[in-house]
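Colleague: Structural data only, the sequence is not supplied:
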(Lines give C-alpha, C1' and ligand atoms only; values in the text may rest on other atoms or scores of the structure.)
Protein backbone atom coordinates (compact mmCIF):
# COMPACT_ATOMS: atom_id res chain seq x y z
CA UNK A 1 0.00 0.00 0.00
CA UNK A 2 1.66 3.23 -1.12
CA UNK A 3 1.81 6.44 0.87
CA UNK A 4 -0.70 8.29 -1.36
CA UNK A 5 -3.33 5.59 -0.90
CA UNK A 6 -2.92 5.76 2.89
CA UNK A 7 -3.50 9.50 2.75
CA UNK A 8 -6.68 9.00 0.75
CA UNK A 9 -7.98 6.48 3.28
CA UNK A 10 -7.15 8.85 6.14
CA UNK A 11 -8.91 11.77 4.44
CA UNK A 12 -11.98 9.62 3.72
CA UNK A 13 -12.21 8.44 7.34
CA UNK A 14 -11.73 11.99 8.62
CA UNK A 15 -14.42 13.42 6.35
CA UNK A 16 -16.83 10.65 7.32
CA UNK A 17 -16.25 11.36 10.99
CA UNK A 18 -16.69 15.11 10.55
CA UNK A 19 -19.87 14.64 8.53
CA UNK A 20 -21.43 12.40 11.16
CA UNK A 21 -20.34 14.56 14.07
CA UNK A 22 -21.72 17.73 12.45
CA UNK A 23 -25.08 16.22 11.57
CA UNK A 24 -27.92 18.12 13.20
CA UNK A 25 -29.90 15.74 15.34
CA UNK A 26 -33.54 16.49 16.03
CA UNK A 27 -36.61 15.08 17.68
CA UNK A 28 -39.00 15.96 14.88
CA UNK A 29 -40.74 13.39 12.71
CA UNK A 30 -42.48 13.67 9.34
CA UNK A 31 -45.79 15.46 9.57
CA UNK A 32 -48.62 13.54 11.27
CA UNK A 33 -46.41 10.56 12.13
CA UNK A 34 -48.14 8.23 14.56
CA UNK A 35 -46.54 5.54 16.69
CA UNK A 36 -49.00 2.68 17.02
CA UNK A 37 -48.81 -0.15 19.55
CA UNK A 38 -51.19 -3.06 19.06
CA UNK A 39 -51.72 -5.97 21.44
CA UNK A 40 -54.24 -8.74 20.86
CA UNK A 41 -55.37 -11.92 22.56
CA UNK A 42 -57.13 -14.74 20.73
CA UNK A 43 -58.49 -18.01 22.03
CA UNK A 44 -60.88 -20.68 20.66
CA UNK A 45 -64.42 -21.27 21.86
CA UNK A 46 -65.01 -24.87 22.88
CA UNK A 47 -67.98 -25.96 20.79
CA UNK A 48 -68.10 -29.29 18.90
CA UNK A 49 -70.60 -27.95 16.34
CA UNK A 50 -68.65 -24.91 15.18
CA UNK A 51 -65.20 -23.43 14.96
CA UNK A 52 -64.96 -19.95 16.38
CA UNK A 53 -62.38 -17.73 18.00
CA UNK A 54 -62.70 -14.73 20.27
CA UNK A 55 -60.28 -11.88 19.64
CA UNK A 56 -59.73 -8.93 21.93
CA UNK A 57 -57.38 -6.22 20.75
CA UNK A 58 -56.02 -3.03 22.23
CA UNK A 59 -54.59 -0.28 20.08
CA UNK A 60 -52.65 2.74 21.32
CA UNK A 61 -51.84 5.67 19.05
CA UNK A 62 -49.34 8.35 19.96
CA UNK A 63 -48.94 11.44 17.79
CA UNK A 64 -45.23 12.17 17.40
CA UNK A 65 -43.93 15.76 17.32
CA UNK A 66 -43.41 17.23 13.86
CA UNK A 67 -43.07 20.92 14.74
CA UNK A 68 -41.25 22.68 17.60
CA UNK A 69 -44.64 23.87 18.84
CA UNK A 70 -45.49 20.27 19.71
CA UNK A 71 -43.20 20.49 22.73
CA UNK A 72 -45.02 23.52 24.10
CA UNK A 73 -48.63 22.41 23.83
CA UNK A 74 -50.03 21.73 27.32
CA UNK A 75 -51.50 18.31 28.01
CA UNK A 76 -55.26 18.00 27.59
CA UNK A 77 -55.95 16.99 31.16
CA UNK A 78 -53.61 19.73 32.31
CA UNK A 79 -55.90 22.29 30.69
CA UNK A 80 -58.88 20.88 32.53
CA UNK A 81 -56.99 21.22 35.79
CA UNK A 82 -57.16 25.01 35.63
CA UNK A 83 -59.79 26.40 37.96
CA UNK A 84 -62.38 28.92 36.87
CA UNK A 85 -60.36 31.72 38.44
CA UNK A 86 -57.10 30.73 36.76
CA UNK A 87 -56.06 32.74 33.67
CA UNK A 88 -56.84 30.99 30.40
CA UNK A 89 -55.54 33.53 27.90
CA UNK A 90 -52.14 31.94 27.33
CA UNK A 91 -50.28 34.06 29.90
CA UNK A 92 -47.08 32.89 31.55
CA UNK A 93 -48.97 32.31 34.78
CA UNK A 94 -51.39 29.92 33.12
CA UNK A 95 -48.55 28.08 31.37
CA UNK A 96 -46.66 27.72 34.63
CA UNK A 97 -49.70 26.24 36.31
CA UNK A 98 -50.08 23.70 33.53
CA UNK A 99 -46.40 22.77 33.59
CA UNK A 100 -46.41 22.28 37.35
CA UNK A 101 -49.43 20.04 37.13
CA UNK A 102 -47.73 17.63 34.74
CA UNK A 103 -45.51 16.17 37.47
CA UNK A 104 -46.92 17.46 40.75
CA UNK A 105 -50.67 17.56 40.18
CA UNK A 106 -52.75 18.11 43.29
CA UNK A 107 -55.60 15.61 42.87
CA UNK A 108 -57.56 17.09 45.77
CA UNK A 109 -57.59 20.61 44.39
CA UNK A 110 -59.69 19.93 41.29
CA UNK A 111 -61.66 16.73 42.07
CA UNK A 112 -64.63 17.51 39.83
CA UNK A 113 -62.49 18.07 36.75
CA UNK A 114 -60.62 14.82 37.32
CA UNK A 115 -63.72 12.74 37.92
CA UNK A 116 -65.39 14.03 34.76
CA UNK A 117 -62.45 13.30 32.48
CA UNK A 118 -62.33 9.92 30.74
CA UNK A 119 -60.15 8.71 27.91
CA UNK A 120 -63.20 7.02 26.39
CA UNK A 121 -66.74 7.17 27.72
CA UNK A 122 -69.19 4.29 27.92
CA UNK A 123 -71.35 5.99 25.29
CA UNK A 124 -68.44 6.13 22.84
CA UNK A 125 -67.58 2.49 23.55
CA UNK A 126 -71.15 1.29 23.09
CA UNK A 127 -71.55 3.33 19.91
CA UNK A 128 -68.40 1.72 18.48
CA UNK A 129 -69.64 -1.75 19.43
CA UNK A 130 -73.01 -1.05 17.81
CA UNK A 131 -71.24 -0.03 14.60
CA UNK A 132 -69.13 -3.20 14.67
CA UNK A 133 -72.24 -5.35 15.13
CA UNK A 134 -74.02 -3.68 12.20
CA UNK A 135 -70.96 -4.14 9.98
CA UNK A 136 -70.90 -7.83 10.99
CA UNK A 137 -74.53 -8.28 9.92
CA UNK A 138 -76.27 -7.99 13.30
CA UNK A 139 -78.88 -5.47 14.38
CA UNK A 140 -77.56 -2.67 16.58
CA UNK A 141 -80.05 -3.57 19.33
CA UNK A 142 -78.16 -6.83 19.84
CA UNK A 143 -75.87 -4.96 22.20
CA UNK A 144 -78.84 -3.80 24.28
CA UNK A 145 -80.12 -7.37 24.24
CA UNK A 146 -76.73 -8.61 25.45
CA UNK A 147 -76.82 -6.12 28.34
CA UNK A 148 -80.28 -7.41 29.23
CA UNK A 149 -79.22 -11.07 29.06
CA UNK A 150 -76.10 -10.58 31.16
CA UNK A 151 -78.16 -8.74 33.76
CA UNK A 152 -80.74 -11.54 33.86
CA UNK A 153 -78.16 -14.33 33.92
CA UNK A 154 -74.80 -12.91 35.12
CA UNK A 155 -71.58 -14.74 34.40
CA UNK A 156 -70.43 -17.09 37.12
CA UNK A 157 -67.32 -15.48 38.59
CA UNK A 158 -65.34 -16.83 41.50
CA UNK A 159 -61.80 -16.67 42.84
CA UNK A 160 -61.06 -20.34 42.19
CA UNK A 161 -61.79 -20.30 38.46
CA UNK A 162 -60.63 -17.10 36.81
CA UNK A 163 -62.15 -16.34 33.43
CA UNK A 164 -60.82 -13.17 31.83
CA UNK A 165 -63.39 -13.13 29.02
CA UNK A 166 -66.29 -13.51 31.47
CA UNK A 167 -64.97 -10.73 33.69
CA UNK A 168 -64.52 -8.34 30.75
CA UNK A 169 -67.98 -9.08 29.34
CA UNK A 170 -69.62 -8.77 32.75
CA UNK A 171 -67.99 -5.39 33.33
CA UNK A 172 -68.53 -3.91 29.86
CA UNK A 173 -72.14 -5.10 29.60
CA UNK A 174 -73.15 -3.88 33.06
CA UNK A 175 -73.55 -0.08 32.97
CA UNK A 176 -74.17 0.14 36.71
CA UNK A 177 -70.72 -1.34 37.40
CA UNK A 178 -68.58 1.18 35.53
CA UNK A 179 -70.77 4.34 35.56
CA UNK A 180 -68.77 5.49 32.56
CA UNK A 181 -71.27 7.61 30.64
CA UNK A 182 -70.42 11.22 29.94
CA UNK A 183 -72.58 14.17 30.93
CA UNK A 184 -73.78 14.59 27.32
CA UNK A 185 -74.74 10.91 26.87
CA UNK A 186 -77.92 10.90 28.93
CA UNK A 187 -80.10 9.37 26.19
CA UNK A 188 -77.74 6.45 25.56
CA UNK A 189 -77.25 6.00 29.30
CA UNK A 190 -81.01 5.66 29.86
CA UNK A 191 -81.30 3.09 27.05
CA UNK A 192 -78.60 0.82 28.42
CA UNK A 193 -79.61 1.20 32.05
CA UNK A 194 -83.17 0.31 31.01
CA UNK A 195 -81.87 -2.84 29.29
CA UNK A 196 -79.98 -3.77 32.45
CA UNK A 197 -83.07 -3.19 34.62
CA UNK A 198 -85.24 -5.32 32.33
CA UNK A 199 -82.90 -8.25 32.79
CA UNK A 200 -82.52 -7.67 36.52
CA UNK A 201 -86.26 -7.97 37.15
CA UNK A 202 -86.45 -11.12 35.04
CA UNK A 203 -87.91 -9.62 31.87
CA UNK A 204 -87.83 -11.51 28.58
CA UNK A 205 -85.02 -9.95 26.54
CA UNK A 206 -86.28 -11.66 23.38
CA UNK A 207 -89.62 -9.85 23.62
CA UNK A 208 -88.08 -6.45 24.29
CA UNK A 209 -85.50 -6.58 21.49
CA UNK A 210 -87.26 -8.40 18.68
CA UNK A 211 -85.13 -6.78 15.95
CA UNK A 212 -82.16 -8.81 17.18
CA UNK A 213 -82.82 -12.37 16.07
CA UNK A 214 -79.74 -13.94 17.64
CA UNK A 215 -78.13 -14.02 21.04
CA UNK A 216 -74.48 -13.04 21.09
CA UNK A 217 -74.15 -14.11 24.71
CA UNK A 218 -75.52 -17.58 23.97
CA UNK A 219 -72.84 -17.99 21.31
CA UNK A 220 -70.14 -17.28 23.89
CA UNK A 221 -71.54 -19.06 26.93
CA UNK A 222 -74.17 -21.47 28.20
CA UNK A 223 -76.63 -21.49 31.09
CA UNK A 224 -75.96 -23.91 33.93
CA UNK A 225 -78.15 -24.98 36.83
CA UNK A 226 -77.29 -23.15 40.05
CA UNK A 227 -76.04 -25.44 42.80
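Modeller: The structure has been received and is ready for your questions. Fair warning: this is a prediction, and the values are worked out from it, not measured in the lab.

Colleague: where do the strands sit along this protein?
Modeller: 34-45, 52-63 (DSSP state E).

Colleague: Neighbours of residue 219, how many?
Modeller: If you count neighbours by other Cβ atoms under 10 Å, residue 219 ends up with 13. C-betas here are computed from N, CA, C, even on glycine.

Colleague: okay, the residue nearest to it when sequence neighbours are not counted: pLDDT?
Modeller: In this structure, residue 219 finds its nearest non-sequential neighbour in residue 52, 7.5 Å apart by Cβ to Cβ, 6 or more residues apart in numbering. As predicted, residue 52 sits at a pLDDT of 71.

Colleague: what about residue 52, neighbour count?
Modeller: Residue 52: 11 neighbours (other Cβ under 10 Å).

Colleague: and it, bridged to which residues?
Modeller: residue 45 (DSSP bridges).

Colleague: thought it was touching residue 43?
Modeller: No. With contact defined as Cβ atoms under 8 Å, residue 52 does not reach residue 43; the gap is 10.4 Å.

Colleague: Domain map for this protein?
Modeller: 25-73, 74-116, 121-220 (automatic domain parsing).

Colleague: Could you tell me the least trusted of the ones you listed?
Modeller: When I compare these, domain 74-116 is least confident, with a mean of 43.

Colleague: ok, back up a step: dump the strands of the chain to a markdown table, plus distance to residue 139.
Modeller: What follows is these, written out as a markdown table (distance: least, Cβ to Cβ, whole Å):
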| stretch | distance to residue 139 |
| --- | --- |
| strand 34-45 | 22 |
| strand 52-63 | 20 |
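
Colleague: And residue 142, how far from residue 187?
Modeller: With distances taken as Cβ to Cβ, to the nearest Å, residue 142 is found 19 Å from residue 187.

Colleague: more neighbours, those two?
Modeller: residue 142 (22 against 9).

Colleague: That one: what's it in contact with?
Modeller: 133, 209, 212, 214, 216 (Cβ atoms under 8 Å, 6 or more residues apart in numbering).

Colleague: if we can go back for a sec, out of the strands of the chain, flag the one nearest residue 192.
Modeller: Proximity to residue 192 (Cβ to Cβ) singles out strand 52-63 among these, at 20.5 Å.

Colleague: quick one, the closest one and strand 34-45 angle?
Modeller: Calculated by axes from the mean of the first three to the mean of the last three Cα atoms, to 10 degrees, strand 52-63 forms an angle of 170 degrees with strand 34-45.

Colleague: now the helices for this protein?
Modeller: 3-21, 76-80, 92-103, 111-116, 122-135, 142-152, 164-172, 175-178, 186-200, 205-208, 216-220 (DSSP state H).

Colleague: what's near enough to touch residue 141?
Modeller: 209, 211-212.

Colleague: what's the spacing between it and residue 134?
Modeller: For residue 141, the distance to residue 134 - Cβ to Cβ - is 10 Å.

Colleague: pLDDT value on residue 6, please?
Modeller: 64.

Colleague: Also the one 10 residues further on?
Modeller: Predicted confidence (pLDDT) at residue 16: the value is 65.

Colleague: just checking, residue 64 touches residue 31?
Modeller: No. With contact defined as Cβ under 8 Å, residue 64 does not count as touching residue 31 (9.8 Å).

Colleague: Compare those two and say which is more crowded by neighbours.
Modeller: residue 64 (14 against 8).

Colleague: residue contacts, the more buried one?
Modeller: 29, 33-35.

Colleague: what does residue 192 give?
Modeller: 122, 126, 144, 147, 175.
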